[in-house]
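Trainee: Predicted coordinates and the sequence they were generated for:
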Amino acid sequence: MSSIFSGDSHDLDLSNGATAVFIDVLMPSVSGLASEDWDFRFAALLTLQDQTVMGRGAVGFGLAEFDWGTTERERARAKDFVLRATALAASGHRWSELGYHPPRVLNYLHRFTTMVGSCVPPAESSAVRGFPGPHEAATASCARHRVLSALPLRSALPLRDGCFLCDRWHP
């Protein structure tokens, strides 16, 4: 089984383990840079990629399904946020806190950057399916790991007492 993250003409097809690593390195960067409502919604989407809760091989998303914003400026800013967060993750930001060395993740991040970079966010967000709404934004932060978690989403999911790092590495 695998998880697929898709863009306009690119896909990132990752094994279950690779998906976990990809989210593990991306989430601290997203958490560190988030400042606008959209950023916290994107963080919530990433929390939904936790296979320990959602099921192995049952996660993934398509960039065309995002609510990128209603104006060209909002769409450009959202895309820039994802690219900045991915670049920060690729720099090794907080990898030492993961408890392991993330193998091959630079390749995944590079491919994701290519995907996002070539994505043309739709002018209308009528295709939005599964992108967290404003009321589902990840506005809470795990005090122990300093990463955002989506409490409104987590309350509907079983076994969600902490962030993805609490759940995976510190049961």
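Mentor: Now that the structure is in, tell me what you want to look at. Bear in mind that the values here come from a model prediction, so they are computed numbers and not experimental data.

Trainee: Surely L106 is in contact with S91?
Mentor: No - counting by CB atoms under 8 Å, L106 stays clear of S91, with 10.0 Å between them. Placement of C-beta: from N, CA and C, glycine included.

Trainee: Helix or strand with the lowest mean pLDDT in the chain?
Mentor: helix 151-154 (a mean of 50; mean pLDDT, DSSP states H and E).

Trainee: Secondary structure element holding G17?
Mentor: Secondary structure from DSSP states H and E places G17 in helix 16-33.

Trainee: Mind giving me the packing neighbours of that helix?
Mentor: Judged by 3 or more CB pairs under 8 Å, 6 or more residues apart in numbering; DSSP states H and E, helix 16-33 is in contact with strand 2-6, helix 37-47, helix 51-54, helix 72-90, helix 105-118, strand 148-149, helix 164-169.

Trainee: And these: which comes nearest G133?
Mentor: Across these, G133 has its closest neighbour in helix 37-47 (7.3 Å, CB to CB).

Trainee: quick one, the closest one and helix 16-33 angle?
Mentor: Between the axes of helix 37-47 and helix 16-33, defined by axes from the mean of the first three to the mean of the last three CA atoms, to 10 degrees, the angle is 160 degrees.

Trainee: who's in contact with helix 37-47?
Mentor: 23, 26-27, 30-31, 33-34, 61, 66-67, 69, 74, 77-78, 81-82, 130-134, 136-139, 148-150, 153-154, 163-164 (CB atoms under 8 Å, 6 or more residues apart in numbering).

Trainee: Distance of the residue minimising distance to the centre of the chain relative to T71?
Mentor: Centroid-nearest residue in the chain: L46, 2.9 Å away (criterion: CA atoms, centre = their mean). Distance, L46 to T71, by CB to CB, to the nearest Å: 24 Å.

Trainee: now swap in A20 and tell me
Mentor: Relative to T71, A20 is positioned 35 Å away (CB to CB).

Trainee: Could you check which of the two is surrounded by more residues?
Mentor: Taking neighbours as other CB atoms under 10 Å, A20 and T71 compare with A20 leading, 21 against 10.

Trainee: Just give the number of residues close to A18.
Mentor: For A18, the neighbour count with other CB under 10 Å is 19.

Trainee: Thought L83 was touching H110, still the case?
Mentor: No - checked against CB under 8 Å, the pair H110 and L83 is beyond contact range at 11.8 Å.

Trainee: Who has more neighbours out of those two?
Mentor: Comparing H110 with L83 by neighbour count (other CB under 10 Å), the higher total belongs to L83, at 15 against 12.
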